[in-house]
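Peer 1: here are the coordinates; sequence isn't available:
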């Protein structure tokens, strides 16, 4: 089946307890998205890299809180105060039960005229090479 970029169609749906908002992981513990649509036997996953999607992240070993925005195609950006000294290679995690690495800082754009830096990063895995996903079903719904 055909899907747009930054989404998956998976072969599990409401018949198996999946519902909108359930979290989706790859490689066992890397959070990559959430369920957006559900039918009996399939679901649509919106990947966090989907253009304009906003979500919370933590940057570096200092756990700097920020809001990331999906840039499409597995890329992201966030804006942080320039004084935080974020650098290329810093680890990005997502506040979740898992402490797995979500991505790494690829580039930091610093404009001396602005009080903020733009941080560009991508995920540590290739979203388009994934064969299996894990859906965390929220049983409290």
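Peer 2: Arrived safely, thanks for sending. Small disclaimer: the values here were computed from a predicted structure and weren't measured. Numbers count the residues shown, from 1 in each chain.
Peer 1: which SS class is the residue nearest to residue 6 when sequence neighbours are not counted?
Peer 2: In this structure, residue 6 finds its nearest non-sequential neighbour in residue 50, 3.7 Å apart by CB to CB, 6 or more residues apart in numbering. Heads up, the C-betas are built off the backbone N, CA and C, glycines and all. Classification of residue 50 using DSSP: H, G, I helix; E, B strand; the rest coil returns coil.
Peer 1: is it true that residue 125 touches residue 29?
Peer 2: No - in this structure residue 125 lies outside contact range of residue 29 using CB atoms under 8 Å: 11.1 Å.
Peer 1: from residue 125, how far off is the residue positioned nearest the centre of the chain?
Peer 2: With distances taken as CA atoms, centre = their mean, the residue of the chain nearest its centroid is residue 48 (3.8 Å). Distance from residue 48 to residue 125, counting by CB to CB, to the nearest Å: 12 Å.
Peer 1: where do the contact lists of these two overlap?
Peer 2: Here residue 48 and residue 125 share the contacting residues residue 32, scored by CB atoms under 8 Å, 6 or more residues apart in numbering.
Peer 1: who's more crowded, residue 125 and residue 29?
Peer 2: Between residue 125 and residue 29, counting by other CB atoms under 10 Å, residue 125 is the more crowded of the two (17 against 13).
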